[in-house]
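Trainee: sequence isn't available, so here's the structure alone:
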Ligand code: F0G
């Protein structure tokens, strides 16, 4: 530890005590940081260790946010500034040469607790780069910390050896929407919104409803009538939101919601709200962190209203400019063939913006006039990205494979794998390239999509007799 880092907190502490003041550790750290800045920079990592002792992890310097775990007793060391220069090797000899088993186990547990604190956590783990607010103002469920999965069966089906899935269905309401919604609702509370609203194909509304319930605000959702999956309608209403089934598609519902929110002074939480996009950036950052900042070659994501595509582009730009990653992965935005306005624009080199009348089994992305078109276009252009389209059959085939591998997802989510497989077949994704597919929503969101196509005779009704069971299962065991 450098001399200033050890001395400065000691000085701050002494000054506070001399003034008859019993300082809180955070005050000592803040004073020491300011003082050290004039001499040697701002080393909160050193200062925190001095002030708190033990093993410390600095989550953020401004505001100060430090996690501390104790050290096993045999590792305690009192450091005294030596009057003579010491070699590091010699200084280290003050540590116990051996550690008994109990102390060692204790220390491993402490370190594991610290690492857990680093690896878990919600979207606010990236607070400084999402929305730098005082901790007391942050709403959290918590959300995020979703995992990456490899499934050899899916790798061989897609022809992509190095294939991973980031399962955003593991968020509290079962989709990636929670990451942006928690930031949006934090802002809604800050501005004193009396009510919140959104138009949705079902996932945004579920997320909005849950967070509105958490902070005690009324939620109003505009849903395209008859075109939202059953699980999502049920979930949205269960959390206590009030719904309007709009006669028209999602695009009409969004236009209506936008106009009504303006008229009535209700806070709109669709992805036109920039705070939503800020939260969704953490999907990419968390993935990169889990890969130790060794970026994959491609990130594949289903594309509807294009909020996520925009957020991914922004996340990659910021990660690259900040030096977190050495190069940007290429984005692959995948649309359903029947709801493909962004694909059409990509196919004509973005010469014109297209609008379509949307139709697809993947109701989450049944969108014909995506609101984040401009930002998503930048995301594709700046990542040498590609927009692909896949048919409903291709989506359902990919979903069956994902479900069958034990991962499971809703139809729209499977577009990412269907698209990656297609690009691999076309040679656009090269052999050996590393691909991460984002699974945007949980399997249970859309039970009808499964039951409508479940393989015949997968569920057979039988009499409560062993003989009937034997007859029924005989073909399954062959
Ligand atoms: N996957 C799922 C499961 C979704 O719910 C959505 C969007 C997308 C992908 C597409 O993301 O719009 O950012 O391009 N669902 C919105 C909603 C429209 O209302 O739940 P996008």
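Mentor: Great, that's in hand. Worth saying up front: this structure is predicted, and the values here are computed from it rather than measured.

Trainee: only C-alpha atoms from now on, for both contacts and neighbour counts.
Mentor: Fine.

Trainee: neighbours around residue 259, how many?
Mentor: The number of residues packed near residue 259 is 12, by other Cα atoms under 10 Å.

Trainee: SS state for it?
Mentor: When the structure is split into helix, strand and coil by DSSP: H, G, I helix; E, B strand; the rest coil, residue 259 lands in helix.

Trainee: for the remainder of this discussion, apply numbering that starts at 37.
Mentor: Will do, 37 is the new start, and the previous item becomes residue 295.

Trainee: which residues does the residue minimising distance to the centre of the chain contact?
Mentor: For the chain, the residue sitting closest to the mean C-alpha position, by Cα atoms, centre = their mean, is residue 319 at 3.1 Å. Applying Cα atoms under 8 Å, 6 or more residues apart in numbering, one finds that residue 319 lies in contact with 180, 212, 215, 348.

Trainee: wasn't the last one part of a strand?
Mentor: I take that to be residue 348. No. When three-state DSSP is applied, residue 348 is found to be helix, with no strand at that position.

Trainee: I'd guessed it sits against residue 317; true?
Mentor: Yes. Taking contacts as Cα atoms under 8 Å, residue 348 lies within contact range of residue 317: 5.7 Å.

Trainee: element containing residue 467?
Mentor: Residue 467 belongs to no helix or strand when assigned by DSSP states H and E.

Trainee: tell me the pLDDT of it.
Mentor: Among the per-residue scores, residue 467 shows a pLDDT of 96.

Trainee: next one: residue 287
Mentor: According to the prediction, residue 287 has pLDDT 97.

Trainee: who in the stretch 87-236 of the chain is up against the ligand?
Mentor: Taking Cα under 6 Å from any ligand atom as the criterion, the stretch 87-236 of the chain approaches the ligand at residues residue 236.

Trainee: where does the stretch 87-236 of the chain have low pLDDT?
Mentor: In the prediction, the stretch 87-236 of the chain carries residues with pLDDT under 70 at positions 114-118, 152-157.

Trainee: show residues contacting stretch 180-197.
Mentor: Here stretch 180-197 has contacts from 155-159, 198-204, 206-207, 214-215, 318-319, 322-323, 326, 437-438, 441, 453, 456-457, 460-461, 467-471, using Cα under 8 Å, 6+ apart.

Trainee: what residues of that stretch count as buried?
Mentor: 180, 181, 182, 184, 187, 190, 191, 194, 195, 196, 197 (16 or more other Cα atoms under 10 Å).

Trainee: what's the first-to-last distance across it?
Mentor: Length of stretch 180-197, first residue to last, Cα to Cα, to the nearest Å: 26 Å.

Trainee: what's the answer for stretch 468-480, then?
Mentor: Criterion Cα to Cα; first-to-last residue distance in stretch 468-480 is 33 Å.

Trainee: any residue of that stretch touching the ligand?
Mentor: Yes. In terms of Cα under 6 Å from any ligand atom, part of stretch 468-480 sits within range of the ligand, namely 476, 477.

Trainee: off-centre distance for that stretch?
Mentor: Relative to the mean C-alpha coordinate of its chain, stretch 468-480 is positioned 12 Å out (Cα atoms, centre = their mean, to the nearest Å).

Trainee: now the buried members of the contacts of stretch 180-197.
Mentor: Buried members of the contacts of stretch 180-197, scored by 16+ other Cα under 10 Å, are 158-159, 198-204, 206-207, 214-215, 318-319, 322-323, 437-438, 453, 456-457, 460, 470-471.

Trainee: farthest pair in the buried residues of stretch 180-197?
Mentor: Largest separation among the buried residues of stretch 180-197 by Cα to Cα: 180 and 195, giving 29.1 Å.

Trainee: near the ligand, which residues of the stretch 387-514 of the chain?
Mentor: 400, 401, 448, 449, 476, 477.

Trainee: most neighbours of all those residues, which one?
Mentor: Neighbour counts for these (other Cα under 10 Å) peak at residue 449, which has 32 neighbours.
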